[in-house]
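S.K.: coords please:
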Amino acid sequence: MPYYGVFVNNGESGGGTNDHRLLAGRSEANQHPATAVSVAPITLINADASTLQATLEKLAGLGGAEEINPLAAVPVGAFKAVAFRPDGQIEPADHDNPAHLSRLAGITLGSSIAGETARVRVDGQISFNGWSWTPGTPVFVGKNGDLTQMPPATGFVQHIGFAIGSDAMLVQIDTPIRRS
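M.R.: Below you'll find the model as predicted:
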């Protein structure tokens, strides 16, 4: 008796949203923006048990992704907010750059040079002993990838998370607010 699985198609990044959860079961959700992996409508295929198991493990990994690994377009420092460019690569996010509105990727976990794969936290806890946050206070995108607890006075306001300790924050990307 054949087993059935789903077909996962790697595709182009569409970007434009900050919902980093896989929107399974919704026909309009054909792409997971945080991973730039397109998920085709469920297609039944004949497969053996090992193929089915591998497919299910791949899908399980997409749904709970807290870290992504895009290419850096330019050098990016550690613990910086980054935004997707139209080509799917990342660069330091800046609240004054209108191109970064609704394209926030997350926070880098290490430094990357141009053309290198970066480690980017999109959701969950992150710690860095160089921070001195006020716990319980929101964290926003500042200039050139910097993180700040003061909402910017110009550009757009992008909440990226909140401090849970003096050197730790919970990354929770929210919808940006455009200033008029």
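
S.K.: going by C-alpha atoms from here, please, whenever you check contacts or count neighbours.
M.R.: Will do.

S.K.: show me where this protein has helices.
M.R.: 49-63 (DSSP state H).

S.K.: tell me, how many residues neighbour P98?
M.R.: 12 (other CA atoms under 10 Å).

S.K.: and the residue nearest to it when sequence neighbours are not counted, what is it in contact with?
M.R.: Excluding its sequence neighbours, the residue lying closest to P98 (CA to CA, 6 or more residues apart in numbering) is G155, at 7.4 Å. Taking CA atoms under 8 Å, 6 or more residues apart in numbering as the contact definition, G155 lies against 95-98, 178-179.

S.K.: and what of D167?
M.R.: By CA under 8 Å, 6+ apart, the contact set of D167 is 127-133.

S.K.: distance of the closest residue to it other than its chain neighbours from G115?
M.R.: Of all residues not flanking D167 in the chain, W131 sits nearest, at 4.8 Å (CA to CA, 6+ apart). Separation of W131 from G115 (CA to CA, to the nearest Å) stands at 28 Å.

S.K.: next one: P135
M.R.: 35 Å.

S.K.: what about whichever strand in the chain runs longest, average pLDDT?
M.R.: Longest strand of the chain, by residue count under DSSP state E: strand 159-165. In this model, strand 159-165 carries a mean pLDDT of 95.

S.K.: ok, residues contacting that strand?
M.R.: Residues outside strand 159-165 that contact it (CA under 8 Å, 6+ apart) are 106, 133-141, 169-176.

S.K.: ok, the closest residue to R119 other than its chain neighbours - how many residues close by?
M.R.: Leaving aside its chain neighbours, R119 sits nearest to N69 (5.0 Å; criterion: CA to CA, 6+ apart). The number of residues packed near N69 is 17, by other CA under 10 Å.
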